[in-house]
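J.: Got a predicted structure plus its sequence, pasted below:
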Amino acid sequence: MSGQNDFLQYHKSIAKELQVTKNRVQNLIGTCHWPTVGKHKEAILRKVLKDHIAETFHVGTGFVCGPNATSHQIDILISSRDRPILFGDGELRFVTPDAATGIVEVKTRLPGNLYKFLRNLADDAEMIRTYGNPRCVAGLFVYELDNRNSLERILQITREVANGNERRVINWIAAGPDIFVRHWCRGEEVQSDVQGPVWHGYVLEDLAHAYFLSNIVWDTCPNLDLGIQYAWFPLKNGKEIHRKLYIGLNDTQPTRFGASE
């Protein structure tokens, strides 16, 4: 008789592995070379992504070159292997917008000027979706959450930088090990209080990082069989029972689920 799977513990172990490896590198480097520490944290996440994402994609870093401007340097650039590249050297890629499948920024903590940082990410996403791949996904991965940033503030700023434009949507944010934000194109499909584009904010104990990775894997392969979701999203009864706040694309502020009941 075969053993029973425990996908929940498997995904928690992935999140723990990220934290342990991050701390190990930081212990070796110390506090004198923070830019180096930051680069290694990006590399750690790239390595884990490479281990899980479909082999039809290249996971590296680089720039997306549009017709009028080039993106900011992207910490993790997911590009399609069936598209040509302008320049490549190891993990570094320069690609045109049609080749960009996903863009991810990585931070130890949420930056002090969160609005400016997310605006830059939304700018890059808009350029790619306008001139190349309209399905390109965008996300922010944060290892640690400080007390200055609440789920409400993260949702508020994410909505502000989108400015009512779906091409400027940031798809997911993992803020520390527990806080996770996901954008839904059609809220009605997940019994949201908003019919249409909406972000949901969740508290997923020790699973925000793992769910961020799973969403990248799932959303970059839109034709996956729904029957295998159990392997990527292991929370019993789904993560929607863990949702706390929401904000629609054209709302002014986040609202707590059940507030109108």
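T.: Arrived safely. Numbers count the residues shown, from 1 in each chain.

J.: For residue 156, give its distance to residue 62.
T.: Separation of residue 156 from residue 62 (Cβ to Cβ, to the nearest Å) stands at 31 Å. No exception for glycine: its C-beta is placed from N, CA and C like everyone else's.

J.: any idea how far residue 73 is from residue 237?
T.: Taking Cβ to Cβ, one finds residue 237 at 40 Å from residue 73.

J.: okay, those two: which has more neighbours?
T.: Between residue 237 and residue 73, counted using other Cβ atoms under 10 Å, residue 73 has the larger neighbour count: 12 against 7.

J.: In this structure the more buried one contacts residue 42, no?
T.: No. Taking contacts as Cβ atoms under 8 Å, residue 73 lies outside contact range of residue 42: 10.5 Å.

J.: before we move on, the earlier item: between residue 156 and residue 62, tell me which one has more neighbours.
T.: residue 62 (25 against 19).

J.: which residues sit in contact with the more buried one?
T.: Contacts for residue 62 were tallied using Cβ atoms under 8 Å, 6 or more residues apart in numbering; they are 73, 74, 77, 91, 92, 93, 94, 95.

J.: Residues in contact with the helix or strand hosting residue 42: which ones?
T.: Per DSSP states H and E, residue 42 falls inside helix 34-52. Outside helix 34-52, the residues that touch it by Cβ under 8 Å, 6+ apart are 14, 17-18, 21-22, 25-26, 29, 59-61, 75-76, 78, 91, 104, 106, 108, 141, 143, 213, 216-217.

J.: do stretch 11-25 as well
T.: By Cβ under 8 Å, 6+ apart, stretch 11-25 touches 37, 40-41, 44-45, 48, 143, 177, 206-211, 213-214, 234.

J.: Could you rerun that using 6 Å?
T.: Stretch 11-25 has contacts (Cβ atoms under 6 Å, 6 or more residues apart in numbering) with 40, 41, 44, 143, 206, 209, 210, 234.

J.: Quick one: neighbours of the first one, just the number.
T.: By the measure other Cβ under 10 Å, the count of residues near residue 40 is 17.

J.: quick revisit: list only buried entries from the contacts of helix 34-52.
T.: 14, 18, 21-22, 25-26, 59-61, 75-76, 78, 91, 104, 106, 141, 143, 213, 216 (16 or more other Cβ atoms under 10 Å).
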